[in-house]
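# The following comprises the amino acid sequence and a computationally predicted model.
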Amino acid sequence: MSQRYEIGSVNDFPIGQHRIVEIKTRKIGIFNIDGELHALPNICPHQIGPLCEGKTSGTLKMDKESWKLQWSEEGQIVTCPWHGMEFRVKTGECLAYSKIKLRTYKVICENDRVLLEV
C-alpha cells in the first residue's frame, strides 16, 4: 500500500526545474514540466548512477512527412550524468532501449502543498 508524503509547496518546484527529495531511504527527482509535476527514482539502471542529478533537455525525432530531424520534448528528457543514458521524465522510458522503463511516482498538488505517493 502506498503512502503520501508532503515534500514542499508548489513554489518549491519552479517550472522548467527539478530537484531531488528524500523519502525515508529513497531519493526521488521531482520535475516541473510546463506546470505539471513528475517524479522518477534518482537511480539509473545502467550502473546505479544519480540519474536525477543530470540535466534535462530534449531529443531529436524524425519528421515522418519530410524525413527531417526536429528537436522535440524540450525539458522532458533527463540524462544520467555518469554515462549519458536518457529517459523520458513523464513515462520513465529509456530512449536508447525500449525495454528499459523506470518506475514513476504520483505527485499530487493539494492547495499549495505538494504530496508524493510512494
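Cool, got the structure.
# Pull up the pairing partners for the longest strand along the chain, direction included.
Assignment by DSSP state E gives strand 69-79 as the longest strand of the chain. Note on strand 69-79: by DSSP bridges, its sheet partners are strand 56-62 (antiparallel), strand 86-88 (antiparallel).
# who touches the last one?
Around strand 86-88, the neighbours that count as contacts under CB atoms under 8 Å, 6 or more residues apart in numbering are 40, 51, 59, 73, 76-80, 93-96, 102. Bear in mind the C-beta positions are built from the backbone N, C-alpha and C, glycine included.
# Then the first one?
Residues outside strand 56-62 that contact it (CB under 8 Å, 6+ apart): 18, 31, 68-79, 86, 89, 95.
# in it, what counts as buried?
Within strand 56-62, the residues that qualify as buried are Thr56, counting by 16 or more other CB atoms under 10 Å.
# And for stretch 95-107?
Within stretch 95-107, the residues scored as buried using 16+ other CB under 10 Å are 102, 104-105, 107.
# In TSV, list those residues along with distance to Val118, secondary structure and pLDDT.
Below are the buried residues of stretch 95-107 laid out as TSV (distance: CB to CB, whole Å; DSSP: H, G, I helix; E, B strand; the rest coil; pLDDT from 0 to 100):
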residue	distance to Val118	secondary structure	pLDDT
Leu102	14	coil	98
Thr104	11	coil	98
Tyr105	6	strand	98
Val107	11	strand	98
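# Touching, Pro41 and Lys27? I think so.
Yes: if you go by CB atoms under 8 Å, Pro41 and Lys27 touch, sitting 7.4 Å apart.
# Mutual contacts of the two, please.
Joint contacts of Pro41 and Lys27 (CB under 8 Å, 6+ apart) are Cys52.
# Output stretch 83-102 as PDB, nothing but the C-alphas.
Coordinates of each C-alpha in stretch 83-102 appear next as PDB, following Å, rounded to 0.1, in the frame of the first residue of the first chain:
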ATOM      1  CA  HIS A  83      27.200   7.700 -18.900                       C
ATOM      2  CA  GLY A  84      24.500   9.600 -20.800                       C
ATOM      3  CA  MET A  85      21.600   7.300 -20.600                       C
ATOM      4  CA  GLU A  86      18.400   9.300 -21.500                       C
ATOM      5  CA  PHE A  87      14.900   8.900 -20.000                       C
ATOM      6  CA  ARG A  88      11.600  10.500 -20.700                       C
ATOM      7  CA  VAL A  89      10.600  12.100 -17.400                       C
ATOM      8  CA  LYS A  90       6.800  11.700 -17.900                       C
ATOM      9  CA  THR A  91       6.900   8.000 -18.600                       C
ATOM     10  CA  GLY A  92      10.300   6.700 -17.300                       C
ATOM     11  CA  GLU A  93      11.100   5.200 -20.800                       C
ATOM     12  CA  CYS A  94      14.700   4.900 -21.800                       C
ATOM     13  CA  LEU A  95      15.300   6.500 -25.200                       C
ATOM     14  CA  ALA A  96      18.000   4.000 -26.300                       C
ATOM     15  CA  TYR A  97      16.500   0.800 -25.000                       C
ATOM     16  CA  SER A  98      12.700   0.400 -25.300                       C
ATOM     17  CA  LYS A  99      12.600  -2.500 -22.800                       C
ATOM     18  CA  ILE A 100      14.000  -0.400 -20.000                       C
ATOM     19  CA  LYS A 101      11.500   1.700 -18.200                       C
ATOM     20  CA  LEU A 102      11.900   3.400 -14.800                       C
END
